[in-house]
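Peer 1: Got a predicted structure plus its sequence, pasted below:
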Amino acid sequence: MLRDESPAFWFVPVATLLYAASLAVWFGLVKPANDVLATWAPGPIPDNFEAIRCAGRLATWR
């Protein structure tokens, strides 16, 4: 379909690669952090929150 229109054709593989990269980032950074947070009971932030964040188990940006 789009092979004859070269500039438009390249949007498809580039978008596919970006989508795959975003999934890899989600599974690499967000899911592990969600798994850690899912084990916490509702309430105040745990005392060891800074240690967990500094150890790299949670990706946070300031």
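Peer 2: Great, that's in hand.
Peer 1: Quickly note the distance from Ala24 to Leu18.
Peer 2: The gap separating Ala24 from Leu18 is 11 Å, by CB to CB, to the nearest Å. Glycine gets a C-beta too; all of them are placed from N, C-alpha and C.
Peer 1: Need the overlap of contacts for those two.
Peer 2: When CB atoms under 8 Å, 6 or more residues apart in numbering defines a contact, no residue borders Ala24 and Leu18 alike.
Peer 1: Pick out the residue closest to the middle of the protein.
Peer 2: By CA atoms, centre = their mean, the chain has its centre lying nearest to Trp26, at 2.5 Å.
Peer 1: separation between that one and Ala38?
Peer 2: In terms of CB to CB, Trp26 sits 15 Å off from Ala38.
Peer 1: Check Phe11 too.
Peer 2: In this view, Phe11 and Ala38 are 37 Å apart by CB to CB.
Peer 1: higher neighbour count, the two?
Peer 2: Per other CB atoms under 10 Å, whichever of Phe11 and Ala38 has more neighbours is Phe11, with 11 against 7.
Peer 1: quick one, phi psi at the more buried one?
Peer 2: Dihedral pair for Phe11: phi -70, psi -30, per degrees, to the nearest 10.
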